[in-house]
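# Here is a sequence together with a model predicted from it:
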Amino acid sequence: MNQHHFAFFDEGSKKEIRRTILKAVAIPGYQVPFSSREMPIARGWGTGGLQITLSIIGREDCLKVIDQGSDESVNAVSIKKLVHNTTSVEITERTQEATIIQSRHRIPEIPLQGGQILVLQVPTPEPLRQVEPREYMTKILHSEEEYSGAWLQLFEQIMKYGRTATGADHPVYVNSRYVMAPSPIPRFDNVKMNESDALILLGAGREKKIYAIPPYTDVQSLAFEDYPFAVEEFSGKSCRFCGATDVFLDEVLDSATGDVHYQCNDTSYCLEQLNSHEKAKEESSYA
């Protein structure tokens, strides 16, 4: 006999988080406070995203969990085990099969479809925190649409490095209203948020905030006209396993030879590409 509720939480907790999600969807990019629950994992390890997933998941859903592109990292495996043990829902590594995708630091390479929900784990939801440490003041700045601090940060980077130097978590304008932290995804993934077919939910358990990007919402990365936004550059490089060239690549140093190799950061995408190549070879051999 099960000693826990379906999806771990009691129904009252799930309803409260769902109400917060609905408000977040109604006001794209706005950080909605919520009563973050205690979880069987430490805060800072994805409790915000996990609370969203546990609150929205149903018996017919199919879940995928990734951590920095990998389906098999300790964080991803632990979250999958917790959700599966409390729901018995199907777990997959294929992006196109999942109805809910919980992720840390990446958006999958395969484009998301309508009906899918992407849940992003967020450590720091406030994009103005580095310029204003006081929570009540950041609320005032958002209400007045006063984002000169965010622009100043980018300007200082340009003065120091000759370009914007945000390696990840580059702030975005959502629906031409709120400046939002997209979570520590690489700049390469920012463009995937714009007019996305899927619903994107972002949860910060430690900071007790939930915010959202509804489908088909305008999302633009902050940039100056004379210093336009640019993603990570991989021209002339390809994955050493599957040969992909239009994806986010990891740089890997071969300690034995000193050579630098590149490979897909999204491991399940890479595997699917390899399987597709193998299938194509088999079909051509029979032709």
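That came in fine, so what should we check first?
# List the buried residues in stretch 133-141.
Residues of stretch 133-141 classed as buried: Thr138, Leu141 (neighbour count, 16 or more other CB atoms under 10 Å). No exception for glycine: its C-beta is placed from N, CA and C like everyone else's.
# From Pro182, how far off is the residue most central in space within the chain?
With distances taken as CA atoms, centre = their mean, Leu120 lies nearest the centre of the chain, 3.8 Å away. Plainly put, Leu120 is 8 Å away from Pro182 if you go by CB to CB, to the nearest Å.
# and what of Glu146?
Separation of Glu146 from Pro182 (CB to CB): 20 Å.
# who's more crowded, the two?
Ranked by neighbour count (other CB atoms under 10 Å), Glu146 and Pro182 place Pro182 first, with 27 against 15.
# Hmm, Tyr173 and that one touching each other?
No - applying CB atoms under 8 Å as the test, Pro182 and Tyr173 come out as separate, 10.8 Å apart.
# Need the residues touching each of the two.
Common neighbours of Pro182 and Tyr173, using CB atoms under 8 Å, 6 or more residues apart in numbering, are Val219.
# related to what we said a few turns ago, so what sits against both of Leu120 and Pro182?
Common contacts of Leu120 and Pro182 (CB under 8 Å, 6+ apart): Leu202.
# Just the local confidence number for Ala280, please.
Ala280 is assigned a pLDDT of 80 by the prediction.
# go on, Gln121?
So Gln121 comes in at 97 (pLDDT).
# mind checking how far the spatially closest residue to Cys264 that is not a sequence neighbour is from Leu249?
Nearest residue to Cys264, sequence neighbours excluded (CB to CB, 6 or more residues apart in numbering): Cys270, at 3.7 Å. For Cys270, the distance to Leu249 equals 10 Å [CB to CB].
# who touches both of these two?
Common neighbours of Cys270 and Leu249, using CB under 8 Å, 6+ apart, are Cys239, Gln263, Cys264.
# The second one against Asp254, yeah?
What it means is Gln263. No - using CB under 8 Å, Gln263 makes no contact with Asp254, being 11.5 Å away.
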